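S.K.: whatever this is, show me its structure:
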Amino acid sequence: MTNLFSVFDPTTSMMSLSINWTSTALGLMLIPPMYWLMPSRYMMMWNNTLLTLHKEFKTLISPSGFNGSTFLFISMFSMIMFNNFLGLFPYIFTSSSHLTMTLALALPLWMSFMLFGWINNTIHMFAHLVPQGTPYILMPFMVCIETISNIIRPGTLAVRLAANMIAGHLLLTLLGNTGPGLMYPILSLLIMTQIALLILEFAVAIIQSYVFAILSTLYCSEVN
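M.R.: Numbering: from 1, shown residues only. Coordinates of the predicted model:
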């Protein structure tokens with residue numbers, strides 16, 4: 001050290017690269033990127049989608065619902081759609097086409113709604129068993145029908161998602177297995193059909209995740 005101020009000389013280097021000024025960039029890493037980076041079109045589209053879902057779910061749950069409860073259904077929508085999209089890639093396991101996963105999503109959610117409703121809003125839950133305007137003679141039958149329809153809700157949620165995922169993938173697989181033995185003109189037609197079915201499966205992946213989330217939101221609104 002030739003003098004007291006030589007410690008400030010820019011001499012630090014690694015592999016012939018000066019790393020003296022990296023400390024200037026370290027502070028930027030501590031700032032959330034949303035404050036110093038322009039969001040991409042993908043991020044803006046995704047944020048607008050989540051905001052739209054939040055407003056729609058909030059309307060269904062009603063103002064009496066708990067604040068922040070919509071984010072549970074938005075997260076579930078995102079996870080199911082992510083799994084559905086992953087299943088469209090070759091050699092990737094489609095987890096959302098198995099009842100093991102779909103029931104694991106639907107059953108705890110429905111059970112928590114039922115426990116919350118019957119513990120906190122018992123009279124309200126009893127009132128749901130008999131629709132308004134039901135004749136007195138049909139009330140016992142309506143109670144049985146409403147009870148059965150309530151019990152099978154998690155099963156219908158799980159089977160609907162799994163069956164729709166299985167149906168499209170099976171059709172794509174069956175058509176793809178016939179490809180090697182076809183003539184070239186028919187093979188080109190088969191490829192176009194496969195592309196059209198793949199586009200349809202992209203739409204089904206979004207629609208089924210939305211249906212699962214929206215039905216769960218409706219079930220949640222009934223217990224408030």
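S.K.: nearest spatial neighbour of the spatially most central residue of the chain, chain-adjacent residues omitted?
M.R.: Geometric centre of the chain, nearest residue: Phe77, 2.0 Å, by Cα atoms, centre = their mean. Spatial nearest neighbour of Phe77, excluding adjacent residues (Cβ to Cβ, 6 or more residues apart in numbering): Ala213 at 3.9 Å. Quick note: C-beta positions are derived from backbone N, CA and C, even for glycine.
S.K.: and the one you found, how far from Met111?
M.R.: For Ala213, the distance to Met111 (Cβ to Cβ, to the nearest Å) stands at 17 Å.
S.K.: which one's more surrounded, those two?
M.R.: Neighbour count, other Cβ atoms under 10 Å: between Ala213 and Met111, Ala213 has more, with 24 against 11.
S.K.: pLDDT score for the more buried one?
M.R.: Looking at Ala213, its pLDDT is 92.
S.K.: and what of Ile206?
M.R.: 92.
S.K.: tell me the secondary structure at the residue nearest to Phe77.
M.R.: Assigned with DSSP: H, G, I helix; E, B strand; the rest coil, Ala213 falls in the helix class.
S.K.: doesn't Ala127 belong to a helix?
M.R.: Yes: remark: Ala127 belongs to a helix, assigned using three-state DSSP.
S.K.: if we can go back for a sec, and the helix or strand hosting the residue nearest to the centre of the chain, which residues are buried?
M.R.: Assigned by DSSP states H and E, Phe77 belongs to helix 70-86. Within helix 70-86, the residues scored as buried using 16 or more other Cβ atoms under 10 Å are 70, 72-74, 76-78, 80-81, 83-85.
S.K.: mind listing the helices for the protein?
M.R.: Under the criterion DSSP state H, helices of the chain are mapped to 22-29, 41-61, 70-86, 99-120, 122-128, 139-151, 153-177, 184-222.
S.K.: could I get those helices as JSON lines with distance to Ile92?
M.R.: Below are the helices of the chain laid out as JSON lines (distance: least, Cβ to Cβ, whole Å):
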{"stretch": "helix 22-29", "distance to Ile92": "33"}
{"stretch": "helix 41-61", "distance to Ile92": "21"}
{"stretch": "helix 70-86", "distance to Ile92": "5"}
{"stretch": "helix 99-120", "distance to Ile92": "14"}
{"stretch": "helix 122-128", "distance to Ile92": "41"}
{"stretch": "helix 139-151", "distance to Ile92": "34"}
{"stretch": "helix 153-177", "distance to Ile92": "11"}
{"stretch": "helix 184-222", "distance to Ile92": "13"}
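S.K.: for Phe93, find the nearest of those helices.
M.R.: Comparing those by their distance to Phe93 (Cβ to Cβ), the top pick is helix 70-86, with 8.4 Å.
S.K.: now Leu182. Nearest residue, chain neighbours left out?
M.R.: Using Cβ to Cβ, 6+ apart, the nearest residue to Leu182 is Leu190, at 6.3 Å.
S.K.: I figured the one you found hits Pro180, correct?
M.R.: No: the pair Leu190 / Pro180 is not scored as a contact, 10.6 Å apart, by Cβ atoms under 8 Å.
S.K.: show me which of these two is the more surrounded one.
M.R.: Between Leu190 and Pro180, counting by other Cβ under 10 Å, Leu190 is the more crowded of the two (15 against 7).
S.K.: just give me the neighbour total for Leu197.
M.R.: 17.
S.K.: for Met43, give its distance to Thr49.
M.R.: For Met43 relative to Thr49 (Cβ to Cβ), the value is 11 Å.
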